[in-house]
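[1] mind folding the following:
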Amino acid sequence: MTFREWNRNKNLWLRAKKAQLAKFLFDRKSPAHYSPSAFKSIKKVLFLRYDNKLGDMIVSTISFHNLKALYPKIHLAVITGPSAKTIIENNKDVDQIYLYKRSWFKILKLGLALRKEKYDLVIDIDKEPTAQSIFLLRLIKARFIFGFNRDTYKLYNINKPYKWNSAHITKLHKAVFEGLKILPRDYAFDYRYILPLPKESVKLAEKVVKSLKLQAGEKLIIFNPFAASHRRCFSAKQALEIAKLLPKYKILIIGPADNLKTFFRGYKDLPGNLTLVSQENALKGGILLNIALLKQADILITPDTYIVHAASGFGKKQICIYSGLDQENIVLWGPNSQNATLLENQHAYNKDFDIKELIKELTY
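    Numbers count the residues shown, from 1 in each chain. Presented below is the predicted three-dimensional model:
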């Protein structure tokens with residue numbers, strides 16, 4: 001076992017122990033009894049998306065727009081982290097956003113503020129509660145709290161049994177509505193991701209693409225070599241190999257500004273068909289620039305990360321590389337798009353993935 005693996009296991013163990021303690025201290029039964037008829041009295045709904053994960057937030061827009069489609073007068077709020085907040089800032093389905101920060105004092109402050117707002121229903125779609133989420137829920141004191149597999153918790157008075165890793169994550173969002181028992185028989189559940197972009201992001205993306213001076217008929221590939229885990233990241237050497245093997249394509253590398261700054265360190269000359277988003281534009285445009293650039297592109301190449309789901313939302317052709325050593329993750333978090341090709345890497349690190357396997361999908 002590596003130190004990284006040992007440290008991860010230690011953190012998971014500590015998280016579980018803290019959650020057990022919080023359950024003992026704050027898990028109290030709600031006096032309210034939920035029934036489908038009770039939903040008619042619900043005016044304010046709060047989603048917990050405090051994990052700050054971009055891909056999770058993109059997929060969560062399924063719940064937001066279905067809820068608003070069924071109950072347009074409901075006030076819908078979301079608790080989220082600072083990065084994921086950008087995904088929904090322009091989403092008309094979301095009426096209010098609360099920023100979550102991992103500090104007990106700030107959680108106390110947030111919980112007390114939310115208690116005054118008198119939310120009728122809190123929807124928690126996390127796999128397992130944390131010590132902080134239990135504390136927050138106790139502070140909010142909503143009439144109803146929904147969760148999956150929460151039958152051992154008193155706080156949750158709406159429990160929906162759910163088998164994780166058995167279906168794509170999008171099915172989880174329909175299960176929320178099934179658990180609340182509010183889906184009309186003739187309702188066609190909408191699995192689209194909603195990704196509205198501000199005008200400034202669209203204009204900046206257009207400016208970036210214009211600077212590439214694409215020739216007539218020349219296709220643009222967006223290549224995202226970065227992911228949250230270093231195991232899933234691609235190397236500069238692989239980017240150069242892609243450019244060399246695809247001379248008729250223009251290839252634009254996107255990612256965080258700091259990563260872009262150092263990506264080709266040590267390499268002097270780049271092929272003419274390969275370029276990066278400038279650090280200035282990456283800092284200015286951030287996550288929304290990356291998403292806006294997808295709308296301008298013909299093809300996306302990426303490891304398993306949030307940009308997969310953004311491309312799926314736009315119906316873009318994409319080639320995404322997932323770890324073949326984690327089949328459950330592929331089932332749960334695959335691209336879920338007819339325009340996506342999923343390639344499995346059988347190595348522990350994406351830097352060892354054979355780029356020629358990827359090239360085959362674009363040349364045959």
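
[2] mind listing what's buried in stretch 180-196?
    180, 182, 193-195 (16 or more other Cβ atoms under 10 Å). In this view, the C-beta of every residue, glycine as well, is placed from N, C-alpha and C.

[3] can you tell me which of those lies closest to Asp326?
    Tyr193 (22.6 Å; Cβ to Cβ).

[4] which residues touch the closest one?
    Neighbouring residues of Tyr193 by Cβ atoms under 8 Å, 6 or more residues apart in numbering: 58-59, 61-62, 309-310, 312-313.

[5] please apply the same query to Leu342.
    Leu342 touches 320-322, 330, 334-335, counting by Cβ under 8 Å, 6+ apart.

[6] do the same with Phe47
    Phe47 touches 60, 63-64, 76-79, 122-123, 125, counting by Cβ under 8 Å, 6+ apart.

[7] now it: how far from His168?
    Distance of Phe47 to His168, computed by Cβ to Cβ, to the nearest Å: 19 Å.

[8] which pair in the contacts of Tyr193 spans the largest distance?
    Ile62 and Ala310 (13.7 Å).

[9] ok, those two, which is more surrounded?
    Neighbour comparison, Ile62 and Ala310: the larger count goes to Ala310, with 27 against 23 (by other Cβ atoms under 10 Å).

[10] surely that one and Leu195 touch.
    Yes - between Ala310 and Leu195 there is a contact under Cβ atoms under 8 Å: 6.2 Å.

[11] for Gly315, grab the count of nearby residues.
    Count around Gly315 with other Cβ under 10 Å applied: 12.

[12] host element of Gln238?
    When secondary structure is defined by DSSP states H and E, Gln238 falls within helix 236-245.

[13] quick one: secondary structure of Glu344?
    When classified by DSSP: H, G, I helix; E, B strand; the rest coil, Glu344 comes out as strand.

[14] please tell me how far Glu206 sits from Val78.
    Separation of Glu206 from Val78 (Cβ to Cβ): 29 Å.

[15] got it, and Asn281?
    Distance from Asn281 to Val78, by Cβ to Cβ: 28 Å.

[16] which of these two has more neighbours?
    Taking other Cβ under 10 Å, Asn281 and Val78 do not tie; Val78 has more neighbours (28 against 20).

[17] quick check, the more buried one in a strand?
    Yes - under three-state DSSP, Val78 sits within a strand.

[18] which other residues reach the stretch of helix or strand Thr262 belongs to?
    Element membership of Thr262, judged by DSSP H and E, is helix 257-263. Helix 257-263 is contacted by residues 225-226, 236, 239, 253-255, 276-279, 282-283 when judged by Cβ under 8 Å, 6+ apart.

[19] buried subset of the residues you listed as a ChimeraX selection?
    With 16+ other Cβ under 10 Å as the criterion, this ChimeraX line picks the buried residues out of the contacts of helix 257-263:
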select :225,226,236,239,253,254,255,276,277,282
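
[20] and of the contacts of helix 257-263, the nearest to Leu25?
    Distances from Leu25 to those, taken by Cβ to Cβ, are shortest for Phe226, at 39.6 Å.

[21] ok but the closest one is inside a strand, no?
    No - using three-state DSSP, the assignment for Phe226 is coil, not a strand.

[22] parallel or antiparallel, which strands does whichever helix or strand Ile251 is part of pair with?
    Taking DSSP H and E as the definition, one finds Ile251 inside strand 249-253. Strand 249-253 has its sheet partners listed here by DSSP bridges as strand 219-223 (parallel), strand 274-276 (parallel).

[23] pLDDT of the helix or strand hosting Gln20, averaged?
    Here Gln20 sits within helix 3-26, counting by DSSP H and E. Mean per-residue pLDDT for helix 3-26: 76.

[24] can you list contacts of it?
    By Cβ under 8 Å, 6+ apart, the list of residues contacting helix 3-26 reads 1, 128-132, 134-135, 137-138, 153, 155.

[25] for stretch 205-214, same thing?
    220, 250, 252, 275, 277, 281, 285, 289, 292-293, 295-296.

[26] at 7 Å what do you get?
    Residues from elsewhere that reach stretch 205-214, judged by Cβ atoms under 7 Å, 6 or more residues apart in numbering: 220, 250, 252, 275, 277, 281, 289, 292-293, 295-296.

[27] so which of the residues you listed comes closest to Asn345?
    Closest to Asn345, out of all of the contacts of stretch 205-214 and judged by Cβ to Cβ, is Leu252, at 22.7 Å.

[28] Ala69: how many residues sit nearby?
    Neighbour number of Ala69 under other Cβ under 10 Å is 13.

[29] narrow the contacts of helix 3-26 to those that are buried.
    Those of these that meet the buried threshold are 129-132, 134-135, 137-138, 153, 155, by 16+ other Cβ under 10 Å.
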